[in-house]
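K.L.:
Provided below for reference: sequence and predicted model.
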There are 2 protein chains.
Amino acid sequence: MASAEESKRWVRMMTAQTPTNIAVIKYWGKRDETLILPVNDSISVTLDPDHLCTTTTVAVSPSFEEDRMWLNGKEISLSGGRFQSCLREIRRRAGDVEDREKGLRIGKSDWEKLHLHIASFNNFPTAAGLASSAAGFACLVFALAKLMNAKEDQSQLSAIARQGSGSACRSLFGGFVKWIMGNDKDGSDSLAVQLAHDKHWDDLVIIIAVVSSRQKETSSTSGMRESVETSLLLQHRVKEVVPKRIVQMEEAIKNHDFASFAQLTCADSNQFHAVCLDTCPPIFYMNDTSHRIINCVEKWNRLEGTPQVAYTFDAGPNAVLISRDRKAAVQLLQRLLFYFPPNSDTDLNSYVIGDKSILKDAGLETTRDLEALPPPPEVKDAQKYKGDVSYFICTRPGRGPVMLSDESRALLDPETGFPK
Amino acid sequence: MASAEESKRWVRMMTAQTPTNIAVIKYWGKRDETLILPVNDSISVTLDPDHLCTTTTVAVSPSFEEDRMWLNGKEISLSGGRFQSCLREIRRRAGDVEDREKGLRIGKSDWEKLHLHIASFNNFPTAAGLASSAAGFACLVFALAKLMNAKEDQSQLSAIARQGSGSACRSLFGGFVKWIMGNDKDGSDSLAVQLAHDKHWDDLVIIIAVVSSRQKETSSTSGMRESVETSLLLQHRVKEVVPKRIVQMEEAIKNHDFASFAQLTCADSNQFHAVCLDTCPPIFYMNDTSHRIINCVEKWNRLEGTPQVAYTFDAGPNAVLISRDRKAAVQLLQRLLFYFPPNSDTDLNSYVIGDKSILKDAGLETTRDLEALPPPPEVKDAQKYKGDVSYFICTRPGRGPVMLSDESRALLDPETGFPK
């Protein structure tokens, strides 16, 4: 660390962008709370980071006095066990770094003494229940690994991110990802692998309905703990149901078999929520709006004879709707906007965000166009539920983590290492 | 049938009153659709017929040209298989009847040729999801058995009522009742037995919240068929969970062990709804109001350290709340009326019906008193949900079927045999 000692003024930093993901075979229940080891395998789709992602800049400098982190511009504590696990594990794997341009060299052993600054930003509302912690921990671990020149592959990094937030391990890859539960007591084989890259099933279109909720929800950490302790159905799900579904889901993804994919996705989402309901006291994540979205999809799928859309819900009322193709997505969006028009003070442009080309294809330009939408043919006396959805995000399966070399996108000042 | 042939003008009739019941260990799933044989035992509490009951008058006369039935004053068809099963089975068991007063004698074999008039009336809204078909079929079978002098005991009658509506078999007894699923293929051993009479656990007070619903619900018949066909959790419930709960529930009832009774009742209601959610397509019977009532009870029970109230929900959003004693019922009613005040055009007298003494004990006389109710100590910033409950019924465990000898309470005219 010769150069570092000479001058305390250098700052070395890296910026990464990491996607969020949605499980289609759900993770619910830990067998080890500290290491975050799950009771079953799970499979997810990575969502396009253009619409939902976390950007994280990590920096190291001899001038930093302690590890610090800012989330969406606000400093947060790093003292929690989960942050500490990730920082410890990644420091343990740090390598030698030589930066000729800056004329500095950081030895493997120096990382224990150097402090870090971390700034993270979600391009979507953190509290909306959109797996921000998955993208967040994945991005933290991915960026730190680059900064510290840790020679781990993505799966090995996923096992570290897992210790921050279980589902974070699945955000280390794009496309379709499996989190293998593993067997080892130390968790070393509980990691993510990529099943298919993001262009493998390019037809799929994803629409997320962010549902307004008046209820404070049970955190997934305490919820799954209570399910493991009290649900008499969870063990049966874990042992008998999920292993078969994992095999079937891998097949469905491999073969672009949307009918099987949709059937498994919907059934597994419903069974996860069934286990929540079988918990004591019961946990309700879906609300009446979630139920109405399911009914809308189920009725339409039945009318078509073959599934057009799959739905899945995480630990909250938001619906993630996966359409078989663009045509189905257009018809889905028309249905959703028919049932759930925005409040009168909301304009269509801020009500449907993300990939707005779907909106255009649906022939919808203003809120006035929504009033002209005909009721879907599969329902009689369709009711409308104005204001029950906060907004929609149109997106698609997406790529895994990337480094952003453009320094203008860094969240920390390259001179001071503090938030810009 | 000498006398009967002499004059076609006589009418012989009987009037019975039968309670409804609420399952505390749920019946969900048939192993035989026609005979209505269940996949597991169930246990219920009979509700006081003073507040919820069916009254049925059955009449026979040589002047009747066909079997006919009126429900709540409106003629309904008897052609359905379930009515036909009950009529056939009870006719098969008919005995000789001699009415000296009327100077008539009906032989065992005459019943095949004689037609029946049946009038039935529920003292509660039929469509409110309050097990009207249970009380209805129980009352039909019970009254016909008396009219036809069938020498069956109550359990044997319950096996006939079962073929009208499964849960009807449990309405042949007061107090606590078990429906034994049985083993025989012909269903002869699938019948109800009384576990404890209605005075056995006299402390219990029951409050029913009739919840407003905009949704048309899946009928329990088709719902349970779909669960049997598609739910991967149902078989586990049926084989591993319910048999143990039945034993535990019988013990709890025997010992007046409210803590166990409440734990089992709530867990089994939640598990039944979990199985509904695990059905494809999923079935939602509870809505946001149901969830809020559960949360209200769970929070309060936790505050008290020991259960004050058990909740259970059938195939609809209505909550049946069983309080450990009168004191708990008063506190429960105060909480319910705090969270769910009536719409401004509803007066308290029609908002809380049944045993109004609970209301009086709660110190509530007018809707203005409701506004003065303090928020329950177990919640911060309690929200109110005005109009989300249609009305409350205060009741208690009650007696089984009775004959009404007072002819003024008959629903058919003693001269004509037609509705009064």
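P.N.:
All right, it came through fine. Only a predicted model underlies this, so the values are computations on that prediction, with no experimental measurement involved. Numbering: from 1, shown residues only, chains lettered A, B, ... in the order given.

K.L.:
Help me confirm that residue A:354 comes into contact with residue A:395.
P.N.:
Yes. With contact defined as C-beta atoms under 8 Å, residue A:354 reaches residue A:395; the gap is 4.9 Å. Every residue, glycine included, has its C-beta placed from N, CA and C.

K.L.:
now the helices for the stretch 1-150 of chain A?
P.N.:
Ranges of helices in the stretch 1-150 of chain A, per DSSP state H, counting those that start in this stretch, are A:2-6, A:81-92, A:132-147.

K.L.:
same deal with the stretch 201-350 of chain A?
P.N.:
If you assign secondary structure with DSSP H, counting those that start in this stretch, the helices in the stretch 201-350 of chain A sit at A:220-230, A:234-236, A:242-254, A:258-277, A:288-304, A:326-339, A:348-351.

K.L.:
buried set for the third one?
P.N.:
Of all the residues in helix A:242-254, those buried under the rule 16 or more other C-beta atoms under 10 Å in any protein chain shown are A:242, A:245-246, A:248-250, A:252-253.

K.L.:
Kindly report the same for the longest one.
P.N.:
Buried residues in helix A:258-277, counting neighbours by 16+ other C-beta under 10 Å, are found at A:258, A:261-277.

K.L.:
send the alpha carbons of that helix over as PDB?
P.N.:
Backbone C-alpha positions of helix A:258-277 (Å, rounded to 0.1, in the frame of the first residue of the first chain) are rendered in PDB as follows:
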ATOM      1  CA  PHE A 258     -46.200 -20.900 -22.100                       C
ATOM      2  CA  ALA A 259     -49.200 -23.000 -21.000                       C
ATOM      3  CA  SER A 260     -47.200 -25.000 -18.500                       C
ATOM      4  CA  PHE A 261     -45.200 -21.900 -17.500                       C
ATOM      5  CA  ALA A 262     -48.400 -20.000 -16.700                       C
ATOM      6  CA  GLN A 263     -50.100 -22.900 -14.900                       C
ATOM      7  CA  LEU A 264     -47.100 -23.500 -12.700                       C
ATOM      8  CA  THR A 265     -46.500 -19.800 -12.000                       C
ATOM      9  CA  CYS A 266     -50.100 -19.100 -11.000                       C
ATOM     10  CA  ALA A 267     -50.500 -22.300  -8.900                       C
ATOM     11  CA  ASP A 268     -47.200 -21.700  -7.100                       C
ATOM     12  CA  SER A 269     -48.100 -18.000  -6.300                       C
ATOM     13  CA  ASN A 270     -51.400 -19.200  -5.000                       C
ATOM     14  CA  GLN A 271     -49.900 -21.900  -2.900                       C
ATOM     15  CA  PHE A 272     -47.400 -19.600  -1.400                       C
ATOM     16  CA  HIS A 273     -50.300 -17.300  -0.300                       C
ATOM     17  CA  ALA A 274     -52.200 -20.400   0.900                       C
ATOM     18  CA  VAL A 275     -49.300 -21.200   3.200                       C
ATOM     19  CA  CYS A 276     -49.300 -17.600   4.400                       C
ATOM     20  CA  LEU A 277     -53.000 -18.000   5.300                       C
END
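
K.L.:
I'd like the helices of the stretch 201-350 of chain A as TSV, with distance to residue B:219 appended.
P.N.:
Formatted as TSV, the entries for the helices of the stretch 201-350 of chain A read as follows, by distance: least, C-beta to C-beta, whole Å:
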stretch	distance to residue B:219
helix A:220-230	30
helix A:234-236	27
helix A:242-254	29
helix A:258-277	20
helix A:288-304	16
helix A:326-339	24
helix A:348-351	37
